[in-house]
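[1] coordinates for the following, if possible.
(one chain, ligands or ions: 2)
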Amino acid sequence: MSTTCFCDSGKKWFCYPCEQLICESCKIRHENHAMEESGSLQQKLSSRLPSAIKLCVQAIPNLQDQIDQVDTSVEEMERRVNALKDQLKSRFEVLQAKLMVHHENLRQEADNFLTNIKDKSNQKKELLQTKVSTIESIRDRCHNDDGMDIMDSLKLDDLCTRILDDVKNQSSIIHKIPVICFSVKDNDFEKEIGELFGVLRLDVEERQYKPNKSPLTKSSEGLVGPKLAFPALPVRTGQKVSAIVQTSSNDIIIGYSTNKVITFYDRNAKKQKSRELPIYVQSMTSTSSGAVLVSENKGSKVMKIESKRIELFFDASPFKAFGVLCSKLERVVYVCCQSDEHGHIYVITYEGKLTKIIKKSAEGEFLFQKPHRIAEHSSCRILYVTDPGQKMLLAINNHRQCLFRYNGGPERSNFIPIDVSFCPSINCTVVTNWKGNSVHQLSEDGSFMSLVVSQRDNLLYPTTLLFDCLKRIWISHKDKVTVLKCNFTTS
Ligand SMILES: [Zn+2]
Ligand SMILES: [Zn+2]
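    Residues are numbered from 1 along each chain as shown. Ligands and ions are numbered 1, 2, ... in the order given. Here you go, the predicted structure:
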């Protein structure tokens, strides 16, 4: 049934979620939608617009200032980069000079070594030459002089023996030729040049240039060394935990996608009671008034459970309902909806009237494929939505602008995000990675910080998670629910 009104006249109503004018007879097809009479809306707008436009015009100088700031910051950066280049050049010149001196020293050493060797060799040659001359003179005397007396003969004999001994020893003393080499390898160069010349690091802190300081300034802290708060809660074989929620009275409720029942636990994980439901559970959210909203697994209904009553809160048909979130800030309920085409998020008033549809970004692009679970930042108007279809976690502000898309960081190739939660005490977002058997902690700008839990902690196929009021994380995974106490590092 189309909700578009093709009638020519009598369009007396404006439908907010459909963003169109409709006539009295088409009104019936928008019964769950937030609507307003077009005449009074027009009147409101015409009284509101002039002042709104005036405010916008007044913002022009501010924008102009920002344009100037952009120019000056680029100029400043250019100045700094040029200064850096000068520094690099002088560093290079210093290193070049030092290297030249070093080179000269090495050459000088090599020359000295050679001169030294030559001197010693000449001395040795002279010594040997003297010996040769002595032997020759002995030989000559023997040939020419017959009347050598016995004493002379003995002296000569003694001399000959000494010379022969000497020659025998001398020949073994002659130095071997040394291996001459210069021992620097090419990869040493790379290492050492880095040390000598330095490494370039160009940091651009984007946030610094944002004109308005949003509450997004507190630095994120890390979760470290999670410990079991108490033994894991067993889950009966065949039952799949699909939602864990804490009520305003601090009870923990666990819901199942395979069983039409919810179970209540106290804060220490002691089972209190069970309650039957008319539907299987896909997702749950708690309201500040103590009620719990439950979306239907493989269905379109969102039920409201109060102390005694269970009633229909909203029907998203023909779409399937997934993650539900009761916003503490906006006094609305978000419902992730999936169909064969692009998914969307319904924004519903506390009274159960559809008031907005989040489907496309401000730039007109489809935001979601399979929006699954949703969380909100505690102080800013930011929604975090997991989309296993796109294998992404998206962060969207209240102007439907996508702030970041997180693709799994180090587990990019292995990332199927299921549930997401925002932890106000450390200002960070955590997301379960079903495929990677892990829980990721992200900083506010959507960059990976750490694995809070991983396969090494025996986590298998994590699905839903809850941050409770005692800063513990409840994580459902294969056949159990693990509750971890987390320590926080303060950076
Ligand atoms: Zn019509
Ligand atoms: Zn409508």
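
[2] how's the chain carved up into domains?
    Listed domain ranges for the chain are 13-58, 226-485 (source: automatic domain parsing).

[3] do you know which of those lies nearest ligand 2?
    Closest approach to ligand 2 among the domains of the chain (Cβ to the ion): domain 13-58, 3.4 Å. Where you see a C-beta, it was placed from the backbone N, CA and C, and this is true even at glycine.

[4] which SSE is Asp65 in?
    Following DSSP states H and E, one finds Asp65 within helix 60-144.

[5] what is the mean pLDDT for that helix?
    For helix 60-144, mean pLDDT is 90.

[6] so which elements touch it?
    If you count contacts as 3 or more Cβ pairs under 8 Å, 6 or more residues apart in numbering; DSSP states H and E, helix 60-144 packs onto helix 150-173, helix 186-197.

[7] still on that earlier bit, and the domains of the chain: which comes nearest Arg79?
    Smallest distance to Arg79 across those (Cβ to Cβ): 27.3 Å, for domain 226-485.

[8] could you look up the SS state of Ile253?
    Under the three-state scheme (DSSP: H, G, I helix; E, B strand; the rest coil), Ile253 adopts strand.

[9] what residues does the protein put near ligand 2?
    The chain comes close to ligand 2 at residues 3, 15, 18, 30, 33, as judged by Cβ under 5 Å from the ion.

[10] make a PyMOL selection of the buried ones in those.
    Buried subset of the residues of the chain next to ligand 2, written as a PyMOL selection, criterion 16 or more other Cβ atoms under 10 Å:
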select buried, resi 15+18+30+33
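
[11] what parts of the chain come near ligand 1?
    For the chain, the residues in contact with ligand 1 (Cβ under 5 Å from the ion) are 5, 7, 23, 26.

[12] repeat the analysis, applying 6 Å as the threshold.
    The chain has residues 5, 7, 22-23, 25-26 near ligand 1, with proximity defined as Cβ under 6 Å from the ion.

[13] most neighbours among the residues you listed, which one is it?
    Most neighbours among the residues of the chain next to ligand 1, by other Cβ atoms under 10 Å: Ile22, with 25 neighbours.

[14] is it in a bridge, and if so with what?
    Trp13 (DSSP bridges).

[15] for ligand 1, what's its nearest residue on the stretch 51-200 of the chain.
    Going by Cβ to the ion, ligand 1 is nearest to Ala52 of the stretch 51-200 of the chain, at 29.7 Å.

[16] and that residue, helix, strand or coil?
    Under three-state DSSP, the three-state class of Ala52 is helix.

[17] that one: neighbour count?
    For Ala52, the tally of surrounding residues (other Cβ under 10 Å) stands at 10.

[18] reformat the residues of the chain next to ligand 2 as TSV; add secondary structure.
    Listed next are the residues of the chain next to ligand 2 as TSV, based on three-state DSSP:
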residue	secondary structure
Thr3	coil
Cys15	strand
Cys18	coil
His30	helix
His33	strand
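
[19] pLDDT-wise, what's the bottom of the residues of the chain next to ligand 2?
    Scoring the residues of the chain next to ligand 2 by pLDDT puts Thr3 last, at 83.

[20] low-confidence stretches in this protein?
    For the chain, the stretches with pLDDT under 70 are 1, 145-147, 170-175, 186-187, 202-225, 487-491.

[21] before we move on, back to that, kindly indicate which of the residues of the chain next to ligand 1 lies nearest Ser47.
    Distance to Ser47 across the residues of the chain next to ligand 1 (Cβ to Cβ) is lowest for Ile22, with 23.3 Å.

[22] shouldn't that closest one be in contact with Ser2?
    No: taking contacts as Cβ atoms under 8 Å, Ile22 lies outside contact range of Ser2: 11.1 Å.

[23] for the stretch 351-491 of the chain, which residue gets nearest to ligand 1?
    Closest point on the stretch 351-491 of the chain to ligand 1, by Cβ to the ion, is Leu354, at 18.4 Å.

[24] tell me how many other residues surround Val292.
    24.

[25] roughly how far does it sit from Gln246?
    Counting by Cβ to Cβ, to the nearest Å, the separation of Val292 from Gln246 is 10 Å.

[26] what's the overlap in contacts for these two?
    Common neighbours of Val292 and Gln246, using Cβ atoms under 8 Å, 6 or more residues apart in numbering, are 253, 286.

[27] what's the residue of the stretch 351-491 of the chain closest to ligand 1 sitting at in phi/psi?
    Recorded main-chain torsions at Leu354 are phi -70, psi 130, according to degrees, to the nearest 10.

[28] surely it touches Tyr346?
    Yes: assessed by Cβ under 8 Å, Leu354 is found in contact with Tyr346 at 5.8 Å.

[29] got the CA positions of stretch 64-83 in PDB?
    What follows is stretch 64-83, C-alpha atoms only, in PDB (Å, rounded to 0.1, in the frame of the first residue of the first chain):
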ATOM      1  CA  GLN A  64      34.200  34.300   6.800                       C
ATOM      2  CA  ASP A  65      36.500  34.200   9.900                       C
ATOM      3  CA  GLN A  66      36.800  30.500   9.500                       C
ATOM      4  CA  ILE A  67      37.800  30.900   5.800                       C
ATOM      5  CA  ASP A  68      40.500  33.400   7.000                       C
ATOM      6  CA  GLN A  69      41.600  30.900   9.600                       C
ATOM      7  CA  VAL A  70      41.900  28.200   7.000                       C
ATOM      8  CA  ASP A  71      44.100  30.500   4.900                       C
ATOM      9  CA  THR A  72      46.300  31.600   7.800                       C
ATOM     10  CA  SER A  73      46.600  28.000   9.000                       C
ATOM     11  CA  VAL A  74      47.800  26.900   5.500                       C
ATOM     12  CA  GLU A  75      50.200  29.800   5.400                       C
ATOM     13  CA  GLU A  76      51.500  28.900   8.900                       C
ATOM     14  CA  MET A  77      51.900  25.300   7.900                       C
ATOM     15  CA  GLU A  78      53.800  26.300   4.800                       C
ATOM     16  CA  ARG A  79      56.100  28.500   6.900                       C
ATOM     17  CA  ARG A  80      56.700  25.600   9.300                       C
ATOM     18  CA  VAL A  81      57.400  23.200   6.500                       C
ATOM     19  CA  ASN A  82      59.800  25.600   4.900                       C
ATOM     20  CA  ALA A  83      61.600  26.100   8.200                       C
END
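
[30] coming back round to it: most packed of the domains of the chain?
    Counting by mean count of other Cβ atoms under 10 Å, domain 226-485 has the highest mean neighbour count of the domains of the chain, with a mean of 18.
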